[in-house]
Each structure stands twice: as C-alpha cells, then as structure tokens.
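Engineer: sequence and predicted structure, then a few things I'm wondering about:
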Amino acid sequence: MSDKKFNVVIAGGGSTYTPGIVKMMLQHTDIFPLESITLYDNDAERQSILGEALEIVIREDAPEIKFSYTTDPEKAFSNKDFCMAHIRVGKYAMRKLDEQIPLKYGVVGQETCGPGGIAYGMRSITGMLEIIDYMDKYSPSCWMLNYSNPAAIVAEACRVLRPNSKVINICDMPVGTRRRMSYIVGKKYEDLDVRYFGLNHFGWWTSVKDIHTGEDYLPKLLEYVSKNGYLTQKAIDTQHMDASWQATHRKAADLMKVEPKFLPNTYLKYYLYPDYVVEHSDINHTRADEVIEGREKTVFDAAKEIVKKGTATGGEFEVDNHAEFIVSLARALAFNTHEIMLCIVENKGSIENFDDDAMVEVPCIVGHNGPEPLSQGKIPNFERGLMYEQVSVEKLVVEAYIEKSYLKLLQAISLSKMVPSVDVAQKILDDLIIANKEFWPELH
Ligand code: NAD
Ligand code: G6P
Ligand code: MN
C-alpha cells in the first residue's frame, strides 16, 4: 500500500448522515488514510451547524486531518480524490409533498418508489448533474460515490447524460439487510458471500453462503424470513430501527409468499402490497415527519450541543457503522482490492435475459477500473416481468426530463405498478408539477 492520503469532499454537507460518515471515516484511517475532509452544500446555514461541530470533533480526534466547509464549488471540488455525495434536492419539505400528493389519491407516497420517487428523481437529476460537472471541472480524476436518491433514476440519468463521469451509484439497504442476515445465522457480515440481482430498491438474494466454508445459509434464511421477515432480536445499528422500519422488515415475510426461493429486498413491499401500504399510511404524518422529528432533530441538536460546550467529548455524534461500506468502496477503488460489492451498474449481460442498457443492482468486483459486474445468469419470468415494468418507468423519467415531456412523465407514472389508472396518474402529475415548479424543467 502506498502512503498516499486522500482528499474527500462530502456533497450534501448538511445531510443528517454527514456526522456519522465523518466519524466512521475517522475510525478507518488505517485502511483509508485522509489528508482532508471538505463539506460542500448549497445551503450555507444548514451546513454550518454541522460544519462548526465537526470542526471541533476533528480538532479533538484527528487534528492532522485538514477540515473545512464551504458553499463555493471551486474550493469544494478542487484537488479531490473522492466525492461522497448524499444531496436531497428540495430537502424534507419536498419529501413530505412527494409522500402526501400520491396518498391524496389513494396511491403509495414514498421517498424513492412510485410517483413520489419519480418526483424526487426529476429534482435530483438537476442537482446531481450540477455536482458531477463541478467534480469533472475541478478534479477530473475524482470518483463520486453517490447515494443521493432516487439512486435508480440518478444512475440512469448518469448513464445517459454523463456516461464518461466517474460516478458509482450505491445503496445501503442490501448492506443493512445482509447485516440482519448475518445475525440470523449467527455469523459476521464479512462471513457471508452473497449473490443478488435486481434494480435499486427492487431485487432478490439468490444465494447466501459462508465465505470460508461454503456452507449454504439460504435454506435457514428462507425459513426464518418467511416467518419473521428480517426482524432480529439484536439491536443492530442506528439506521432502520424506527417502528415504521421494523414493520417494513417484518413485511418481508409476506413478500416471500409470491417468491419463496429468494430473499427479497424490503422495498418490494411498495410494489407488491401497495394497498396494505396505503392503509397503513397517515397523510398527516408521513415518513418525512418521522425523520424531521427523529434523525434530523437528534443530529442537529447534537451539533448545537457540541458547539455550545466547545467540545465533543460527550459522544454526541454516533459513528455510522452502517456506512462502513462507503469506506470499503473508496478503499477498493483506491487500492484495487477487488472486493465484491453490490453496485448499480449498466447490465451489459450480467443478468443474461435482461436488457444490456438497464441499470441493475448486482455484485461487482471493485478495483482501479471501477465496478465490474459478475454474471448472475438467467432470472425467472416473475422477477423479469416486474423489473421490465420498473426499469421502463425509470427510463421514461429520464427521457421526460431530457425532452421536457409531459407525456413521457405521464407514461412513467401510469406504468408504475402502484398507480391504478391514467386518470389517477394525471391528477397526481398535475399536483406534482405545481409543487415542483421551482425544481423541475417546465414540461410541455
Ligand atoms: P438531508 O436533507 O438531511 O441532507 C441533504 C443535504 O443536501 C441538505 O443539507 C441540502 O441542503 C443539500 N443539497 C440539496 N441540494 C443540493 C445541491 N444541489 N448541491 C449541494 N447540496 C445540496 O437528507 P438526508 O436524509 O440526510 O439524506 C441525504 C441523501 O442521502 C438523500 O438523497 C437520501 O435519500 C440519501 N440516502 C441514500 C441512501 C442509499 O441507500 N442510497 C441511504 C441513506 C440516504
Ligand atoms: C434506506 C434506503 C435509502 C433511503 C433510506 C430512507 O437506507 O436504502 O435509500 O434513503 O432507507 O430512510 P429514512 O430513514 O430517511 O426514511
Ligand atoms: Mn437505498
């Protein structure tokens, strides 16, 4: 290993995930050495609350690492090796509308799935192109590890609009679920060797084995999950622990009724049980409200506390263990470790009976060349049919964005599995256009 130390910019510096990721990077400097960390956001006020607090954290924990926060793209993106991107265009105020507007018409209202995810996608593409272009201009050899959502639509937009930019789109859901699987079989996360296919927030594990002995854990997991979902006894990490997330983990049991051979991604509940999801939603208190009252309040209160006391020795910010995979990915790219990780990549034959140009989520070998997908063979008709419908929705959104086409966006929403008719799709779309006036291209 060389003695190179890396310069990292976190785009979306004001994100609720920023402190946890910074703390986690500080814990892993032995495997991913750091020269500097810079926060970048387009909301100076929001970012400065976390920036001031993290300045104190780094001064106390790792004074050798340079730290700054800025809203100036040139300062933020110059001389960088990695950009960790987690922006939320429109912030929680718009997430709330993404969730409420479909619900008004009896349709699932969700951050990344269905019409809410489509609306968010139309906003995210602009924000993502902006930061990708800053990166390409100021640090052309920098890698962007993007987990800004909706990752499936963002990934398709990158494929079409910025095919040469070094952007890797990733998701933490399979990481969190795999951690749950490891508890179920009494092993560590690293002990599992998994195979998986699908789209982002839309996939299945086909194999889970012991990486050392080859022992097949799939039968035990299938039995457990078909009864309990991914609920486990042990408290696991800070993410995905709220009551609504626990209900989602439990619901995975029902997802197996229609596919008992594979282990499902929890997000499939929005596609396979939309009526149940709507019944269990409260339009006056959606997930955005839960996050505003929960994670956002906790993180920003902790930051204010650190600044007030002038020290972070009280353990105000928690390490986001969950985000360890981001360091693993950066390390794999930097040191050519050839670690196998799930990434969202162009299919190119990895799923044999699926379109080459679809952005799929599959295990990839990651090294200097970026992620190289492993072959997952042929997939069954049931999954393939669902995936065709969903990937077409995602492609239509990107086409609608590029062509500024009302019709294409209406097609995207109408095609979404959770929307019952064109009539409902049109009502939702017309409300979304008004709500997103400031963010979407004007459609005609
Ligand atoms: P948040 O609202 O707390 O933070 C997002 C930050 O992005 C805000 O500070 C906002 O000002 C900033 N921002 C918005 N537009 C920007 C732009 N154009 N340029 C620079 N900064 C911009 O949101 P959060 O809940 O912490 O989530 C952050 C993002 O991470 C979301 O997109 C979320 O969906 C995503 N996320 C993805 C995964 C995954 O599995 N891929 C996991 C967790 C979170
Ligand atoms: C999982 C998904 C992310 C999503 C997040 C939402 O981690 O993989 O893509 O953004 O859940 O969590 P929240 O707590 O904001 O509802
Ligand atoms: Mn995700």
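Structural biologist: That came in fine, so what should we check first? Ligands and ions are numbered 1, 2, ... in the order given.
Engineer: got the phi and psi for the closest residue to ligand 2 within the stretch 101-250 of the chain?
Structural biologist: Nearest residue of the stretch 101-250 of the chain to ligand 2: Met173, at 3.5 Å (Cβ to the nearest ligand atom). The way it works is simple: take the backbone N, C-alpha and C, and place the C-beta from them, glycine included. The phi/psi pair for Met173 (degrees, to the nearest 10) reads phi -60, psi -50.
Engineer: compute the number of surrounding residues for it.
Structural biologist: Look at Met173: counted by other Cβ atoms under 10 Å, it has 19 neighbours.
Engineer: that one and Leu268 touch, don't they?
Structural biologist: No. Look at Met173 against Leu268 with Cβ atoms under 8 Å: they stay out of range, at 10.8 Å.
Engineer: would you mind measuring the gap between the ends of stretch 25-41?
Structural biologist: From its first residue to its last, stretch 25-41 covers 19 Å (Cα to Cα, to the nearest Å).
Engineer: for it, buried residues please.
Structural biologist: 25-29, 32-34, 36-41 (16 or more other Cβ atoms under 10 Å).
Engineer: just stretch 243-262 next, same as before
Structural biologist: For stretch 243-262, burial by neighbour count (16+ other Cβ under 10 Å) applies to 248-249, 251-256, 259, 262.
Engineer: filter those residues down to the ones in strands?
Structural biologist: Among these, no member falls in strands (DSSP state E).
Engineer: near ligand 1, from the residues you listed?
Structural biologist: Near ligand 1, judged by Cβ under 6 Å from any ligand atom, there are no entries from the buried residues of stretch 243-262.
Engineer: ok, and the closest non-adjacent residue to the residue in the stretch 1-150 of the chain that ligand 3 sits nearest to?
Structural biologist: At 6.3 Å from ligand 3, Asn149 is the closest residue in the stretch 1-150 of the chain, using Cβ to the ion. Once flanking residues are discounted, Asn149 sits nearest to Thr112: 5.0 Å by Cβ to Cβ, 6 or more residues apart in numbering.
Engineer: the one you found touches Pro150, doesn't it?
Structural biologist: Yes. If you go by Cβ under 8 Å, Thr112 and Pro150 touch, sitting 4.1 Å apart.
Engineer: between those two, which one's more packed in?
Structural biologist: Under the neighbour definition other Cβ under 10 Å, Thr112 and Pro150 were set side by side, and Pro150 has more, 27 against 23.
Engineer: residues touching the more buried one, list them.
Structural biologist: Pro150 makes contact with 111-112, 117-118, 120-121, 124, 200-201, according to Cβ atoms under 8 Å, 6 or more residues apart in numbering.
Engineer: please convert these to TSV, extending it with pLDDT.
Structural biologist: TSV is the format used below for the contacts of Pro150 (pLDDT from 0 to 100):
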residue	pLDDT
Glu111	98
Thr112	98
Gly117	99
Ile118	99
Tyr120	99
Gly121	99
Ser124	99
Asn200	98
His201	98
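Engineer: in helices, which of these fall?
Structural biologist: Of the positions in those, 117-118, 120-121, 124 sit in helices, assigned by DSSP state H.
Engineer: ok, which pair from these is furthest apart?
Structural biologist: Greatest spatial distance in those: Ile118 and Ser124, 10.6 Å, computed using Cβ to Cβ.
Engineer: closest one of the buried residues of stretch 25-41 to ligand 1?
Structural biologist: Looking across these and measuring by Cβ to the nearest ligand atom, the closest to ligand 1 is Asp41, at 4.3 Å.
Engineer: so what's the closest one up against?
Structural biologist: Contacts here follow Cβ under 8 Å, 6+ apart; on that basis Asp41 touches 11-15, 47, 69, 71, 87.
Engineer: what is the burial count for Pro363?
Structural biologist: Applying other Cβ under 10 Å, I find that Pro363 has 22 neighbouring residues.
Engineer: what do Thr112 and Pro150 both touch?
Structural biologist: In contact with both Thr112 and Pro150: 120, 200-201, using Cβ under 8 Å, 6+ apart.
Engineer: enumerate every residue touching the residue lying closest to Thr286 once chain neighbours are set aside.
Structural biologist: Distances taken as Cβ to Cβ, 6+ apart put Glu99 closest to Thr286, at 3.9 Å, once the chain neighbours are dropped. By Cβ under 8 Å, 6+ apart, Glu99 lies in contact with 109-111, 116, 281, 286-288.
Engineer: now render the residues you listed as TSV, adding distance to ligand 1 and neighbour count.
Structural biologist: Formatted as TSV, the contacts of Glu99 follow (distance: Cβ to the nearest ligand atom, whole Å; neighbours: other Cβ atoms under 10 Å):
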residue	distance to ligand 1	neighbour count
Gly109	15	31
Gln110	11	27
Glu111	6	20
Gly116	12	32
Ser281	18	20
Thr286	14	23
Arg287	10	21
Ala288	9	22
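Engineer: for those, work out which two are farthest apart.
Structural biologist: Counting by Cβ to Cβ, the most remote pair of the contacts of Glu99 is Glu111 and Ser281, 12.6 Å apart.
Engineer: let me see the contact set for Ala44.
Structural biologist: For Ala44, the contacting residues are Thr71, by Cβ under 8 Å, 6+ apart.
Engineer: settle this for me: Arg95 is touching Tyr120, isn't it.
Structural biologist: Yes. Taking contacts as Cβ under 8 Å, Arg95 lies within contact range of Tyr120: 7.2 Å.
Engineer: which one of these two has more residues nearby?
Structural biologist: More neighbours surround Tyr120 than the other of Arg95 and Tyr120, with 30 against 24 (other Cβ under 10 Å).
Engineer: correct me if wrong: that one contacts Gly109.
Structural biologist: No. The pair Tyr120 and Gly109 fails to qualify as a contact (Cβ under 8 Å) at a distance of 11.2 Å.
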